[in-house]
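[1] sequence first, then the predicted structure, then my questions.
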Amino acid sequence: MTQTNNLSDKIEKQLPAELVTFIQRAGEIAASQGQGLYLVGGVVRDLLLGQTNLDLDLVVEGNAIELAHQLAEINQAKITTHPRFNTAKLQWSKWSVDLATARSETYVKPGALPKVKPNSISSDLFRRDFTINTMAIQLNPSRYGELLDPYGGKDDLKHKIIRVLHEKSFTDDATRIWRGLRYEQRLDFQLEKTTLRLLKRDIPMLDTISGDRIRYEIECILREKYPEKVFRRADELKVLPKLHPALKGNGWLAEKFEQARQLNTPNPPSVGLYLALLAYPLTSEENENLISRLRLPRSVAQTLRDTISLKSKLQSLTNPDLTPSRIYNLLHDYSSTAIIANSLASDIPAARQHIHLFLNKLRYIRPTLTGEDLKRMGVAPGPNIGMILHRIHEARLDRKITTKQAEVSLVNAWLAHNKKAG
Ligand code: ATP
Ligand code: MG
C-alpha cells in the first residue's frame, strides 16, 4: 500500500538549516532538468523515528555525477565521484551527502555484486534491504516533503518490525542477514516471522559473501553503541558460527565490551580492540582462519595475532616477584591494543596488575643517554652501544638508577672494567 504523507516539517525541525537549504535547492535544480530527486534510506527512517542522522543519501532519476558537479559548484563542496557506480559524494567540514543514480539491480549469482542499470525511484527502492530502509522523500518543489512508502515501512517502524521485501532477499545478498540483526538490536525491533524464517533458511548463503563485504558489515556492527547485542543474537540464531565456529556472543563478551567502553570513555573503543576481545577465545590456528575469512588488513591482523600470542604467555606474568624490567621485556613487543585486550580479558589479578604497571608507567621509561653520548664517552661504535643502553634501560626500569648522573657512572664503570679486562 502506498501512503502519502508530508514530512517537510520533520525535515525542517530535525536537519540543520544549511542542509535543508541545500536539499531544497538540489530539488529545484533537478526539477529544472526534468529529474526526480529523493532523500532515501536511513535518513528517512531516522526522520520518522525522531533520531539524528546527518548521513544524507540522495537518489536522482538522472545522472548523479552531473548533478553532483552542479551542486558542488553552487555550494562549494568537496566532490568525489565513482563513475563505475555512477555515484558521488559531496563533503563539507561538518557533513556529507551521497548522491546516487536511481537504479535497478539483478542478481545473477547469490552473493556476487548485482548487475545494475539506471531506472526509476521505485526500482531503486525495490533493491533495498528492509521495509524500514525502503522509504523516500520527494525533494522536487511541486511535491516537496512527500513520503514514498511502497512497502509499508512506516507501519513496520510503528510496529517495530524488520521485514525483507521479498523472499529471495537474503539469497541475493546474505550480508543483509548481518544488517538485519544490526538494525533489530540497535532499534530494539523484531525480525518479522517470515523474515526470520527466511533468514534462518539462508544462513548457509553467508558462505557466498566475500571477506571484504563481511568485514564491512562486522565493522558497522562494531561501531554500534552495543555491538555485543548483535553478537549475542547472531550466536542464538547460529549466524555467528559462520564467521567462525569457535566465536561466542555470550555474557562474557558483553562484560568485556562494557569494560572496554568504560576504559575508553568518552570515546568508543576502537574496532581493533573490540575485534581482539571477540577473537580472544580462539586458538592461534582458529584466529588465522578468522583473519583470512575477514581479509583483515595487516595491522588489525597483527593486533589479533599479538592478542592470542600474549594470551598464551600470561602465565609468566602471574609471578608476584617479577621485576619491572622482566615485565617490560615480556610485554614491549606487543601492540598496545593487544595488551589492553589481554588486561581486560584475563581473569588473573597478578597478570592484570603487571599489565597495568606496564601500560601506565614502564612503557614510558627510557634512558636519558643516547648512543651518541656513549660514543662521546669513549665506547667504541658497535654492538656494545646497544648492550649498554639496554643495561641502563633495565636499571632505570628496576629503579636501580634514577638520574642521568647515575647513567653516566654506570657507563664509566663499564669502561673502567673493560679497560682492565682488555
Ligand atoms: P545506518 O544508520 O546503519 O547507516 P543506513 O540505512 O543509512 O543505516 P547504509 O549502510 O548507509 O544504511 O545504506 C544506505 C541504504 O542503502 C540503506 O538504507 C538501504 O536502503 C540500502 N542498502 C545498504 N546496504 C544494502 C544491502 N546490502 N542490500 C540492500 N540495500 C542496502
Ligand atoms: Mg547510512
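    Looks like it came in fine. Residues are numbered from 1 along each chain as shown. Ligands and ions are numbered 1, 2, ... in the order given.

[2] report the contact partners of the spatially most central residue of the chain.
    The centre of the chain sits closest to residue 219, judged by C-alpha atoms, centre = their mean, with a distance of 3.4 Å. Residue 219 makes contacts with residue 271, as judged by C-beta atoms under 8 Å, 6 or more residues apart in numbering. Where you see a C-beta, it was placed from the backbone N, CA and C, and this is true even at glycine.

[3] host element of it?
    Here residue 219 sits within helix 211-222, counting by DSSP states H and E.

[4] next one: that helix to chain centre, how far?
    The chain centroid and the centroid of helix 211-222 are separated by 7 Å, computed with C-alpha atoms, centre = their mean, to the nearest Å.

[5] equivalent analysis for stretch 195-208, please.
    Distance, centroid of stretch 195-208 to centroid of chain: 24 Å (C-alpha atoms, centre = their mean).

[6] is that stretch up against ligand 1 anywhere?
    No: shown here: stretch 195-208 not in contact with ligand 1 (C-beta under 6 Å from any ligand atom), separated by at least 12.5 Å.

[7] tell me what the helix ranked longest in the chain is packed against?
    As assigned by DSSP state H, the longest helix anywhere in the chain is helix 404-421. Counting contacts by 3 or more C-beta pairs under 8 Å, 6 or more residues apart in numbering; DSSP states H and E, helix 404-421 is packed against helix 371-377, helix 383-397.

[8] now the angle between helix 383-397 and it, please.
    Orientation check (axes from the mean of the first three to the mean of the last three C-alpha atoms, to 10 degrees): helix 404-421 against helix 383-397 gives 140 degrees.

[9] can you give me the buried ones in helix 404-421?
    407-408, 410-411, 414-415 (16 or more other C-beta atoms under 10 Å).

[10] ok, now stretch 301-313?
    Buried, per 16+ other C-beta under 10 Å, within stretch 301-313: 301-308, 310-311.

[11] what about the residues you listed, which are in helices?
    Reading helices off these with DSSP H, I get 301-308, 310-311.

[12] turn the residues you listed into TSV, including pLDDT.
    As requested, these are exported to TSV (pLDDT from 0 to 100):
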residue	pLDDT
301	98
302	97
303	98
304	98
305	98
306	98
307	98
308	97
310	96
311	95
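
[13] can you list those in TSV and add distance to residue 255?
    TSV is the format used below for those (distance: C-beta to C-beta, whole Å):
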residue	distance to residue 255
301	25
302	26
303	21
304	20
305	24
306	22
307	17
308	20
310	20
311	17
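
[14] how about the contacts made by the nearest residue to residue 81 once chain neighbours are set aside?
    Nearest residue to residue 81 in three dimensions, chain neighbours excluded: residue 88, at 4.5 Å (C-beta to C-beta, 6 or more residues apart in numbering). Contacts for residue 88 were tallied using C-beta under 8 Å, 6+ apart; they are 64-65, 67-69, 79-82, 98-99.

[15] which of these fall in strands?
    The members of those that map onto strands under DSSP state E are 79-82, 98-99.

[16] what about residue 168, distance to residue 385?
    Between residue 168 and residue 385 the distance is 68 Å, computed by C-beta to C-beta, to the nearest Å.

[17] those two: who's more crowded?
    Using other C-beta atoms under 10 Å, the more surrounded residue of residue 168 and residue 385 is residue 385, with 17 against 13.

[18] ok, now which ones touch that one?
    371, 374-375, 379.

[19] nearest to ligand 2 among those residues?
    residue 371 (51.8 Å; C-beta to the ion).

[20] what's next to the helix or strand of the chain with the lowest mean pLDDT, contact-wise?
    Between all helices and strands in the chain, the lowest mean by mean pLDDT, DSSP states H and E belongs to strand 115-118, at a mean of 86. Residues outside strand 115-118 that contact it (C-beta under 8 Å, 6+ apart) are 85-86, 101-108.

[21] top of those by neighbour count?
    Neighbour max across those (other C-beta under 10 Å) = residue 102, 25 neighbours.

[22] how about that residue, nearest residue that isn't a chain neighbour?
    Closest to residue 102 by C-beta to C-beta, 6+ apart is residue 124, at 4.1 Å.

[23] then residue 236?
    Nearest to residue 236 is residue 249, by C-beta to C-beta, 6+ apart, at 7.4 Å.

[24] averaged pLDDT, the helix or strand containing residue 23. What do you get?
    Using DSSP H and E, residue 23 sits within helix 17-32. Averaged across helix 17-32, the pLDDT comes to 95.

[25] just the buried positions in it, please.
    19, 22-24, 26-27, 29-31.

[26] for the residue of the stretch 1-150 of the chain found nearest ligand 1, give me phi and psi.
    With C-beta to the nearest ligand atom as the measure, residue 42 is the residue of the stretch 1-150 of the chain nearest to ligand 1, at 2.4 Å. Torsion angles at residue 42 (phi, psi; degrees, to the nearest 10) stand at phi -50, psi -40.

[27] is residue 58 in a helix, a strand, or coil?
    For residue 58, the assignment made with DSSP: H, G, I helix; E, B strand; the rest coil gives strand.

[28] list the contacts for the residue nearest to it when sequence neighbours are not counted?
    Distances taken as C-beta to C-beta, 6+ apart place residue 99 nearest to residue 58, at 4.9 Å, with adjacent residues excluded. Contacts of residue 99 were listed using C-beta under 8 Å, 6+ apart, and they are 58-60, 64-65, 67-68, 71, 87-90.

[29] got a list of contacts for stretch 401-414?
    Outside of stretch 401-414, the residues within contact range by C-beta under 8 Å, 6+ apart are 367-369, 374, 377, 379, 388, 391-392, 395-396.

[30] please export the C-alpha coordinates of it as PDB.
    The C-alpha coordinates for stretch 401-414 follow below in PDB (Å, rounded to 0.1, in the frame of the first residue of the first chain):
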ATOM      1  CA  ILE A 401      69.300   4.200  38.900                       C
ATOM      2  CA  THR A 402      67.100   7.300  38.700                       C
ATOM      3  CA  THR A 403      69.300  10.100  37.400                       C
ATOM      4  CA  LYS A 404      71.400  11.000  34.400                       C
ATOM      5  CA  GLN A 405      74.400  11.200  36.600                       C
ATOM      6  CA  ALA A 406      73.800   7.500  37.700                       C
ATOM      7  CA  GLU A 407      73.600   6.500  34.000                       C
ATOM      8  CA  VAL A 408      77.000   8.200  33.300                       C
ATOM      9  CA  SER A 409      78.500   6.400  36.300                       C
ATOM     10  CA  LEU A 410      77.200   3.100  35.000                       C
ATOM     11  CA  VAL A 411      78.900   3.700  31.600                       C
ATOM     12  CA  ASN A 412      82.200   4.800  33.200                       C
ATOM     13  CA  ALA A 413      82.200   1.700  35.500                       C
ATOM     14  CA  TRP A 414      81.700  -0.400  32.400                       C
END
